[in-house]
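Trainee: The sequence and its predicted three-dimensional model are supplied below.
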Amino acid sequence: MSQIASPTGRQQAETADVIVVGAGPAGSAAAYHLANAGLDVLLLEKTSFPREKVCGDGLTPRGTKQLINMGIDISPEAGWIRNYGLRIQGAGHVLQLDWPDLASHPNYGLTRNRMDFDDMLARQAVKAGARLRERTNVIAPILDEQTGFIVGVSAKPVDDQGRRRDGSDGSAVEYRAPLVMAADGNSSRLSVAMGLHKRDDRPMGVAVRTYFTSPRHDDDYLESWLELWADDPQQPGQRNLLPGYGWIFGMGDGTVNVGLGILNTSNAFGKVDYSELLMRWLQNTPEAWQFREEFMTSPIRGAALPMGFNRQPHYSRGLMLLGDAGGMVNPFNGEGIPYAMESGAFAAEVAAQALHRQPNQRERALSAYPKALKQEYGGYYTLGRIFVKLIGNPEVMRLCTKYGLPRTTLMKFTLKLLANLTDPRDGDVMDKIINGLTKVAPAA
């Protein structure tokens, strides 16, 4: 850690080897792995912990693996709830599938409220040696006038509402580093300021969720609803099929996370009140589950789900894009946390190699990051884009649900595909088919 006089006349700059903007799962994972590699890393977060984030709160084995890699205590004694598979509801069928037994991933998932999940990851990064600066709102990149490369960021100290912090004069503070990582979410102001905008040819989703006190809180399977039915207000006794797909995840603490998601391939995307849709669906669930307004413990909140690499390139002029900033949500199932954390680990590994080279030799090493992402996810996300287009058609979805759910072997294959859970080597026939498809598909 060092401080230098700012050439712009702003408050004295703090310097590091790497600046990570955003302390969500992507940023904290990157900061943890960077610090473990012996690099000096600054982790800048505009809010303070603990803080709420809109999420389903359920992790598949893919996310669980990343927590293990970060050394997080995931025992029940530490407050984690394990889940052992997925229960699927649709077309009058209920199918319960266990997570696949793989050499490369654990055979269980986890549930944890994002209120303290992100806090836990950030503290783990600090424990590894990262320097966390909360209530630090990054407002702009600092560019080298000659090369156009980012060499730092300017930020303002703010309170928990994003306003000027008490005791601050409101002036910007500079943070400088030879490498910056944008982990600042879907909107990613830093990426936009660097000229990296979203692509319209990639899928996008919207999710809304809330919490209820419910006897279903200790369910050890995640539950997915492929059809959402609601009473027709104009025709008593008639039920309508709603757009979107729902989930019910028990939190183990007396509450249940319940929500729905809609893809932009649906005709209803952007045209309906998602909160109203959620409550209309839940009115048709059993009263004993208590998914009614009087048992709601928090407001309904929503968030965008940027999918399939909807912002590229993932490295440009000294800036690496992580997690939602790079559109890394899985198009097949809307899962974002594992890919955010994996991208943080990829970025940290590449950064460590690059920063141990001479400055004029670093670019070649840094170019390995987008290549690694495309190799890992590119073909899979391309398949996901095709999948999203297909299920955006209600008739296709109806046929898949009606004729697919009764076929257990087919659904086991589908679960592996949708959750991206295969063994890369020595897997079964299903693994080999899925891995082969992702390799032959063009990279997203």
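Mentor: Sure thing, it's come through.
Trainee: Can you give me the pLDDT of the spatially most central residue of the chain?
Mentor: Centroid-nearest residue in the chain, with Cα atoms, centre = their mean: G336, separated by 2.5 Å. We have a pLDDT of 96 for G336.
Trainee: Also T8?
Mentor: Taking T8 on its own, its pLDDT is 56.
Trainee: List the backbone torsions phi and psi for the residue nearest to the centre of the chain.
Mentor: Per-residue torsions, G336: phi -120, psi -30 (degrees, to the nearest 10).
Trainee: Please apply the same query to Y245.
Mentor: According to degrees, to the nearest 10, Y245 has phi -140, psi 140.
Trainee: Please report how far it lies from G205.
Mentor: 10 Å (Cβ to Cβ, to the nearest Å). For every residue, glycine as well, the C-beta is placed using N, CA and C.
Trainee: how about the longest helix along the chain: buried residues?
Mentor: Counting by DSSP state H, the longest helix found in the chain is helix 337-355. By 16 or more other Cβ atoms under 10 Å, the buried positions in helix 337-355 come out as 337-352, 354-355.
Trainee: still on that earlier bit, ok now do the residue nearest to the centre of the chain, which residues does it touch?
Mentor: Residues near G336 by Cβ atoms under 8 Å, 6 or more residues apart in numbering: L305, G323, D324, M328, V329, N330.
Trainee: Would you map the helices across the stretch 201-350 of the chain?
Mentor: Using DSSP state H, counting those that start in this stretch, the helices of the stretch 201-350 of the chain run over residues 274-282, 337-355.
Trainee: residue ranges with poor pLDDT in the stretch 201-350 of the chain?
Mentor: In the prediction, the stretch 201-350 of the chain carries no residues with pLDDT under 70.
Trainee: Give me the subset of the contacts of G336 lying in strands.
Mentor: Among those, the members falling in strands (DSSP state E) are L305.
Trainee: for the contacts of G336, which one is nearest A23?
Mentor: Proximity of those to A23 (Cβ to Cβ) peaks at G323, which lies at 11.3 Å.
Trainee: Touching, that closest one and A340? I think so.
Mentor: Yes. Using Cβ atoms under 8 Å, G323 is in contact with A340, at 3.2 Å.
Trainee: Common neighbours of those two, please.
Mentor: Any residue near both G323 and A340 by Cβ under 8 Å, 6+ apart counts here, and that gives G24, P25, A26, A183.
Trainee: Turn those into CSV, columns for neighbour count and secondary structure.
Mentor: Conversion of the shared contacts of G323 and A340 to CSV gives the following (neighbours: other Cβ atoms under 10 Å; DSSP: H, G, I helix; E, B strand; the rest coil):
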residue, neighbour count, secondary structure
G24, 28, coil
P25, 32, helix
A26, 33, helix
A183, 32, coil
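Trainee: For the residues you listed, name the two members farthest from one another.
Mentor: Most distant of the shared contacts of G323 and A340, by Cβ to Cβ, are P25 and A183, 8.4 Å apart.
Trainee: shared neighbours, those two?
Mentor: G323, A340, G344.
Trainee: Could you dump those residues into CSV with distance to C400 added?
Mentor: Output for the shared contacts of P25 and A183, formatted as CSV (distance: Cβ to Cβ, whole Å):
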residue, distance to C400
G323, 29
A340, 28
G344, 34
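Trainee: Between the residues you listed, which sits nearest M430?
Mentor: Looking across the shared contacts of P25 and A183 and measuring by Cβ to Cβ, the closest to M430 is A340, at 26.1 Å.
Trainee: shouldn't the closest one be in contact with G24?
Mentor: Yes. Taking contacts as Cβ under 8 Å, A340 lies within contact range of G24: 6.6 Å.
Trainee: overlap in contacts of these two?
Mentor: What both A340 and G24 touch, as defined by Cβ under 8 Å, 6+ apart, is the set A183, G323, D324.
Trainee: For burial, what's the neighbour tally of the last one?
Mentor: This means D324. When neighbours are defined as other Cβ atoms under 10 Å, D324 has 31 of them.
Trainee: residue contacts, it?
Mentor: By Cβ under 8 Å, 6+ apart, the contact set of D324 is G24, A26, G185, N186, S188, P306, G336, A340.
Trainee: Just the endpoints, please. Distance across stretch 84-96?
Mentor: Taking Cα to Cα, to the nearest Å, stretch 84-96 runs 10 Å from one end to the other.
Trainee: Report the buried residues of that stretch.
Mentor: So, applying 16+ other Cβ under 10 Å, buried residues of stretch 84-96: G85, L86, R87, I88, Q89, G90, A91, L95.
Trainee: The longest helix of the chain: how far from the chain's middle?
Mentor: Taking Cα atoms, centre = their mean, to the nearest Å, one finds helix 337-355 lying 15 Å from the centre of the chain it belongs to.
Trainee: Over to stretch 41-51?
Mentor: Its chain's C-alpha centre and that of stretch 41-51 lie 17 Å apart, by Cα atoms, centre = their mean.
Trainee: May I see the buried residues of that stretch?
Mentor: Residues V41, L42, L43, L44, E45, K46, T47, F49, R51 are the ones in stretch 41-51 that count as buried (16+ other Cβ under 10 Å).
Trainee: Leaving out the residues flanking it, which one is nearest to S188?
Mentor: Computed as Cβ to Cβ, 6 or more residues apart in numbering, the closest residue to S188 that is not its neighbour in sequence is A325, at 3.9 Å.
Trainee: who touches stretch 354-373?
Mentor: Residues from elsewhere that reach stretch 354-373 (Cβ under 8 Å, 6+ apart): 17-18, 39, 178-179, 309, 312-315, 320, 326, 328, 343, 346-347, 350-351, 353.
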